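# can you look at this prediction? I've put the sequence above it.
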Amino acid sequence: MLIKRYFILYGGYKEQVIRGQVIEHLSECKSRGMDLKVIFLNYGGSGTAAMTVKKMSKLGLDYKILPFARPWNLLKSISDSWKVSRFIKQDAGKDTSVIIHARGEAGAVAGAVVKFFLRQKRVDTKLIFDWRGDVWAERCFLYEHKKSGFRDKAAMLLKIIDVKLKRKLIFTFSDRCIAVSGALVEKSRVKNTYWMPGYASQNLFYYDKDIRGFERQRMGVSDKLVFCYSGSIKDYQEPKMMISLVRRVKQYTPNVSFLIITQDLEKTEELLRKNEDLRKNTLVCHADHKDVNNILNAADIGLLIRRPGEINRCSFPTKFLEYIYAGLPVITTEAVPDISGYIRASNCGTVVNFDLLPYGIDKCEVQRLLSLDKAIVSSRAKNDFSDDKRFDIYKRLYSA
């Protein structure tokens, strides 16, 4: 029996996620003979769909954009799911098994309902739940920390219940699960669950001695110790703690620069206004995804500071792979167990207790990190998280 594979992507993802993770995965699948047809469920209101279409068209990927309801519109979501199932049945043809790879909990809810309708149409269907993070933990965190009245608290509590019910639906209909962290593997109720950490392209991120020399000279940091952070400047990324850590290191290593790669330029400027003593030693870059690697190569040490909590325990930030692929040793906390465990095992950085920051890193430890061979850090990381290992799992996932 023939197999037709579909990748359900529910609208609303950030552009960097689409470019840096989804598109790269789909392109790699195509190059390895595991084509997937993308079904983009577009609820409107964002430019993500247009960008996705442009990128997929350029790479020759097969796709279909279908209108879809927002998550809270239950009746329309069911109706739209039926329409998606009708499209898949017509597209797949007769005597064809269907495999649906649904990214995220919102995509998997739609995938579960689509699978139900396809089964009613006597189409052999398997659903792969691609679990990227714990939405229930996020809702609980917001409920506990929301400073508002009874009405808003009640609304958030309903959202928590909603997530719990939808997750039960996902677990019931999923045949296989990809979990981004070991914590999610433990929580999964799907029998065939595979651990697969966040994805960063090994073609886009790598260490290059010549690039490093050129970029450090271009930025004027050839003789400096450069700490680097890449990502958003939201509170949960602990930007204030990173500033405090750099300031602490600067006390015993004066020639220090802080390199920030972000799209949140206004928030970064606001942060620096409150820390004027570090402004002249801070470089802020806004770069396309394809250009981030060159900037990372200019740095010495990557920062990934997270506060302990259930959300971080269930995560695997992609920036970690981007750092180590570019040869950067990483300073992190114990908040993300998969990452702190890997750093301890591979010696590609240091793990510090969050409560000890910014005093948990001394001069000797900084010097040890600087002594690590960046080429070796990069090479080992690319072997440990190799694309071949990933796609050995995908071969099993995408089989009948």
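Sure, I can see it. Numbering: from 1, shown residues only.

# tell me where the chain is predicted with low confidence.
Applying pLDDT under 70 to the chain picks out residues 1, 12-16, 20, 44-51, 136, 139-160, 400.

# okay, now the domains of it?
Taking automatic domain parsing as the reference, the chain has its domains at 2-197+386-397, 209-384.

# in the helix or strand hosting residue 89, which residues are buried?
Secondary-structure assignment from DSSP states H and E places residue 89 in helix 74-92. Residues of helix 74-92 classed as buried under the neighbour-count rule (16 or more other C-beta atoms under 10 Å) are 77, 80-82, 84-85, 88-89, 92. Placement of C-beta: from N, CA and C, glycine included.

# check stretch 110-130 too.
Neighbour counts using 16+ other C-beta under 10 Å place 110-118, 123, 125-130 of stretch 110-130 among the buried residues.

# and if you look at stretch 258-265?
If you call a residue buried by 16+ other C-beta under 10 Å, then stretch 258-265 has these buried ones: 258-262, 264.

# thinking again about what came up before, list just the nearest of the buried residues of stretch 110-130 to residue 17.
Lowest distance from residue 17 to the buried residues of stretch 110-130 (C-beta to C-beta) belongs to residue 130, with 12.3 Å.

# surely that closest one meets residue 176?
No. Counting by C-beta atoms under 8 Å, residue 130 stays clear of residue 176, with 9.6 Å between them.

# contacts for the helix or strand hosting residue 117?
Counting by DSSP H and E, the element that carries residue 117 is helix 104-120. When contacts are defined by C-beta atoms under 8 Å, 6 or more residues apart in numbering, helix 104-120 is touched by residues 8-10, 12-13, 41, 68, 71, 77-78, 80-82, 84-86, 88-89, 98, 100, 102, 125-127, 129-132, 135, 163, 166-167, 169-170, 172-174.

# in strands, which of those appear?
Judged by DSSP state E, the subset of those located in strands is 8-10, 41, 98, 100, 102, 125-127, 129-131.

# would you list the buried residues of stretch 258-265 in a markdown table and tack on distance to residue 306?
Conversion of the buried residues of stretch 258-265 to a markdown table gives the following (distance: C-beta to C-beta, whole Å):
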| residue | distance to residue 306 |
| --- | --- |
| 258 | 18 |
| 259 | 19 |
| 260 | 17 |
| 261 | 18 |
| 262 | 16 |
| 264 | 17 |
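
# between the residues you listed, which is closest to residue 58?
After measuring those against residue 58 - C-beta to C-beta - the closest member comes out as residue 261, at 24.3 Å.

# so what pairs up with that closest one in the strands?
According to DSSP bridges, the residues that bridge with residue 261 are residue 230, residue 285.

# pretty sure it contacts residue 298?
No. Under the criterion of C-beta under 8 Å, residue 261 is not in contact with residue 298, lying 10.2 Å apart.

# hey, where'd the strands end up in the stretch 151-300 of the chain?
Here the stretch 151-300 of the chain has its strands, by DSSP state E, counting those that start in this stretch, at 176-179, 192-195, 225-230, 256-261, 282-285.

# out of those strands, which is closest to residue 56?
Of all the strands of the stretch 151-300 of the chain, the one in closest proximity to residue 56, counting by C-beta to C-beta, is strand 176-179 (21.1 Å).

# I am finished for the moment; much appreciated.
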